[in-house]
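Asks: kindly generate the corresponding structure for this input.
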Amino acid sequence: MNRTINHILIVLSTSFILVSCTDGASLQRYFVDHQESKDFITQDVPISMLKIDESKFNNEQKEAYNSVKRLNFLGFKANEINDESLKVELAKVKTILSNKKYNDLVEFSDRGNKVVVKYIGTDEEADEVVVFGTSKEMGFGIVRVLGDDMSPDKMVTLVSILQSANVEEAQVQDIMNFFK
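Replies: Numbers count the residues shown, from 1 in each chain. Okay, here's the model as predicted:
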């Protein structure tokens, strides 16, 4: 009897371990798997490198800006040769972002370009914010926004700051050259 119980416990323990260690796709894993691929570009950007003039920020804007520590960028460049690869990679990213752990924040389209902003966390605190942009002509880009004390409200404020910011082109030149 003890032997049967031991076997059942071993089988249950093994099953539990295998189930809890699922190899589910994650955005972080996707970044790591594609950082060396020829059609991709990756770049880690500390927020301080953007050199945005904070002097005209109100307190809410300063708090939003200071909650972000770094941006991880992964881009896929579209061309006539890799059209099928683009479709496959887009499907992979969309599958990852359709996971229930990603909450919708903002979505907008402009002239065939689409941007989706999602976050992981609660309405009070975002652990990670993801900006996913697609363009039929250029490909797609994903930005993982990482920081401390981020919240969805702060990220909406940050998006408005960045839209009106005068970011020097030289700071993002490598990324822009990749998509040319």
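Asks: list the buried ones in stretch 26-44?
Replies: Neighbour-count burial for stretch 26-44 flags L27, Y30, F31, H34, D39, F40, I41, T42 (criterion: 16 or more other Cβ atoms under 10 Å). Where you see a C-beta, it was placed from the backbone N, CA and C, and this is true even at glycine.
Asks: count the neighbours of the nearest residue to E128 once chain neighbours are set aside for me.
Replies: Computed as Cβ to Cβ, 6 or more residues apart in numbering, the closest residue to E128 that is not its neighbour in sequence is I120, at 4.6 Å. Residue neighbour count, defined by other Cβ atoms under 10 Å, stands at 15 for I120.
Asks: distance of I120 from V93?
Replies: Distance, I120 to V93, by Cβ to Cβ, to the nearest Å: 15 Å.
Asks: average pLDDT for stretch 140-158?
Replies: Per-region confidence: stretch 140-158 scores 85 on mean pLDDT.
Asks: ends of that stretch, what's the gap?
Replies: 21 Å (Cα to Cα, to the nearest Å).
Asks: quick check, distance from that stretch to the centre of its chain.
Replies: Centre-to-centre, stretch 140-158 and its host chain are 9 Å apart (Cα atoms, centre = their mean, to the nearest Å).
Asks: in it, which residues are buried?
Replies: By neighbour count on 16+ other Cβ under 10 Å, the buried set for stretch 140-158 is 140-147, 150-152, 154-155, 157-158.
Asks: repeat that for stretch 99-115.
Replies: Counting neighbours by 16+ other Cβ under 10 Å, stretch 99-115 gives Y102, L105, V115 as buried.
Asks: for whatever helix or strand V116 lives in, packing partners?
Replies: Per DSSP states H and E, V116 falls inside strand 113-121. Contacts defined by 3 or more Cβ pairs under 8 Å, 6 or more residues apart in numbering; DSSP states H and E place strand 113-121 against strand 102-110, strand 126-135, helix 152-164.
Asks: A78 is nearest to which of those?
Replies: Closest to A78 of the helices and strands packed on strand 113-121 is strand 126-135 (Cβ to Cβ; 7.5 Å).
Asks: just the strands in the protein please.
Replies: Remark: strands assigned in the chain by DSSP state E are 40-46, 68-77, 102-110, 113-121, 126-135, 139-147.
Asks: other residues contacting the shortest one?
Replies: Where contact means Cβ atoms under 8 Å, 6 or more residues apart in numbering, the residues beyond strand 40-46 that reach it are 31, 34-35, 69-77, 174-175, 178.
Asks: can you put the helices and strands packed on strand 113-121 in a markdown table and add distance to L86?
Replies: Shown next, in a markdown table, are the helices and strands packed on strand 113-121 (distance: least, Cβ to Cβ, whole Å):
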| stretch | distance to L86 |
| --- | --- |
| strand 102-110 | 18 |
| strand 126-135 | 9 |
| helix 152-164 | 26 |
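Asks: understood, closing this out.
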